[in-house]
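Chemist: task: produce atomic coordinates for the following.
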Amino acid sequence: MKVRLLAAALAVVSGVGCTPEWARESDTDVYLSMDIAGGAAGGTGSTTQLLSDPRTPTIVNDNASLSFRLFPKNPTLAINNTGLVNDIILRRYTIRYYRADGRNVEGVDVPYSISGDMNVRIPATGAVVTTSVIVVRHAAKLEPPLRNFVNAGGMDVLTMYADITVYGETISQKAVQARGSLEIVFIDFLDT
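Modeler: Residues are numbered from 1 along each chain as shown. The predicted structure follows:
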């Protein structure tokens, strides 16, 4: 009897160890996948890098496209059978900037972190939903370090990363989030 109980306990423990991290990150039945695309200065695009000109003749914000899709955590469960309770509504996002060289003081080395509201519904049918968010706001281009590009202020090129996190919940009110990064290259394109 003790051998059977021990075998059953070992089977449960070994099964838990085989579950991938993404399947254990929330108590929802679905996994939220997010792809991020940047583009040219002042717009959206389809690359993994955002090119930003902090001192164009007029200051414009820079956007990124976010594409979302839901996948069932249980691969034997057809996603169409999960029902509307697994649809996700995204409520807000945050962006934190950092540099590879470790110089990450907000307002000195990188722009201040930002957040914003969202209202995007991702259906549990597996359909891709795309929306955009502002990655670099107008105000950030008027403050250091991006202001340092103006009038040859000592900077020509600055590379950093935007760590983007979105927060939402399923229709059944289970919290979910997704996270990704976008490389941003700030460069003075010498507008005339």
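Chemist: give me the number of residues near the residue nearest to Ala140 when sequence neighbours are not counted?
Modeler: With C-beta to C-beta, 6 or more residues apart in numbering as the criterion, Ala140 has its nearest non-adjacent residue at 4.0 Å, and that residue is Pro111. C-beta: built from backbone N, CA, C; applies to glycine. Neighbours of Pro111 under the rule other C-beta atoms under 10 Å: 24.
Chemist: from now on call the first residue 491
Modeler: Got it, first residue is 491 now, which makes that one Pro601.
Chemist: phi, psi of Pro601?
Modeler: With angles defined as degrees, to the nearest 10, Pro601 sits at phi -60, psi 160.
Chemist: contacting residues around the helix or strand hosting Val623?
Modeler: Per DSSP states H and E: Val623 is located in strand 619-626. The contact list for strand 619-626 (C-beta atoms under 8 Å, 6 or more residues apart in numbering) reads 528, 534, 540, 542, 551-559, 583, 585, 601, 604, 606, 608, 610-613, 636, 652, 654, 672, 674.
Chemist: pull out the buried residues from it.
Modeler: Within strand 619-626, the residues scored as buried using 16 or more other C-beta atoms under 10 Å are 621, 623, 625-626.
Chemist: what's the PyMOL syntax to select whichever of the contacts of strand 619-626 are buried?
Modeler: In PyMOL, this line selects whichever of the contacts of strand 619-626 come out buried by 16+ other C-beta under 10 Å:
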select buried, resi 528+534+540+542+552+553+554+555+556+558+559+583+585+601+604+610+612+613+636+652+654+672+674
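Chemist: narrow the contacts of strand 619-626 to those in helices?
Modeler: Using DSSP state H, no member of those sits in helices.
Chemist: among the contacts of strand 619-626, name the ones in strands.
Modeler: 540, 542, 552-559, 583, 585, 604, 606, 608, 610-612, 652, 654, 672, 674 (DSSP state E).
Chemist: what's opposite the spatially closest residue to Asn551 that is not a sequence neighbour in the beta bridge?
Modeler: Computed as C-beta to C-beta, 6+ apart, the closest residue to Asn551 that is not its neighbour in sequence is Ile624, at 4.8 Å. Beta-bridge partners for Ile624, by DSSP bridges, are Asn553.
Chemist: this completes my enquiry, with thanks.
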